[in-house]
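> structure of the sequence below:
(chains A and B)
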Amino acid sequence: GDSVTQMEGPVTLSEEAFLTINCTYTATGYPSLFWYVQYPGEGLQLLLKATKADDKGSNKGFEATYRKETTSFHLEKGSVQVSDSAVYFCALTGTAGNKLTFGGGTRVLVKP
Amino acid sequence: GAVVSQHPSRVICKSGTSVKIECRSLDFQATTMFWYRQFPKQSLMLMATSNEGSKATYEQGVEKDKFLINHASLTLSTLTVTSAHPEDSSFYICSARSSGGAYQETQYFGPGTRLLVL
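The predicted structure follows:
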């Protein structure tokens, strides 16, 4: 079945540092890929998405490129802020239907 | 756009009582809604999928008589935890998905409901 693997956290960074969170997936066909962010005590917010190979999703300074050859969708941000402290989830919807398959989540802590 | 609300945001109840959680899509029609459960510091666990006007499809291991789901309209789904026990205490999150328009192919999540059963 479909699966998503993302790097375990916590990831601790200083403000203005470069952030990368690795995400790889296993799926049949051509899944859509997503990054969601969860702030403490809240639900998930869609951060960005990509629906086909080589698409780049971007939002709020975050970027991720759909790489079919490496089955990856790594999240990057060039200069993080304290307000980026959250848990980030990589996810996909496969050809099986509507269901989202989540990675385990990566907790990011940005220190001033 | 694509706002999903949940009510209540947190609830405390006594063991043996039932609790109803509402999930609403505020600015789009949600042909499919999903209910998740999240334990502390863990990922989301899908409990069930509901399509408007039909019975919910439950994931393996989720008791359908324990977690009653109703999706009576295109903007509202409810999850009722019946005869709640302390082990049902958790963070419950819903999401909604449209079959067409600008919001298709993407699930939009509610803010979650924290349930504590004493």
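> B:Y108 contacts B:Q6, correct?
No: assessed by Cβ atoms under 8 Å, B:Y108 is found out of contact with B:Q6, at 11.7 Å. Just so you know, the C-beta spots here come from the backbone N, C-alpha and C atoms, and that holds for glycine as well.
> could you count how many residues lie near residue 23?
Here I'm looking at chain A. By the criterion of other Cβ atoms under 10 Å in any protein chain shown, A:C23 has 24 neighbours.
> meant chain B actually
For B:C23, using other Cβ under 10 Å, the count is 28.
> what bridges to it?
The bridge-partner assignment for B:C23, based on DSSP bridges, gives B:Q6, B:S77.
> go on, the one 10 residues further on?
Judged by DSSP bridges, the bridge partners of B:M33 are B:S50, B:A96.
> low pLDDT regions in chain B?
Filtered on pLDDT under 70, chain B yields the residue ranges B:1, B:101-104.
> near chain A, which residues of it are found?
Contact residues (Cβ under 8 Å from any Cβ of the partner chain) of chain B with chain A: B:2, B:4, B:6, B:32, B:34, B:41-44, B:46, B:49, B:93, B:95, B:97, B:105-112, B:114.
> try it again with 7 Å
Residues of chain B lying close to chain A by Cβ under 7 Å from any Cβ of the partner chain are B:32, B:43-44, B:46, B:49, B:93, B:97, B:105-112.
> before we move on, the earlier item: B:Y108 and B:Q6: which is more packed in?
When B:Y108 and B:Q6 are compared for neighbours, B:Y108 comes out ahead with 24 against 19, by other Cβ under 10 Å.
> isn't the more buried one right up against B:C94?
No: assessed by Cβ atoms under 7 Å, B:Y108 is found out of contact with B:C94, at 9.7 Å.
> which residues do the two both contact?
B:V4 (Cβ atoms under 7 Å, 6 or more residues apart in numbering or on different chains).
> next, count neighbours for residue 34.
I went with chain A, as the question did not name one. So A:F34, with other Cβ under 10 Å, has 27 neighbours.
> my question was about chain B
Count around B:F34 with other Cβ under 10 Å applied: 25.
> can you pull the contacts of it?
So B:F34 contacts B:46, B:49, B:94-95, B:107 (Cβ under 7 Å, 6+ apart).
> can you check A:L109 too?
Contacts of A:L109 by Cβ under 7 Å, 6+ apart are A:10, A:12, A:85.
> phi, psi for the last one please.
So that's A:S85. phi -60, psi 120 (degrees, to the nearest 10).
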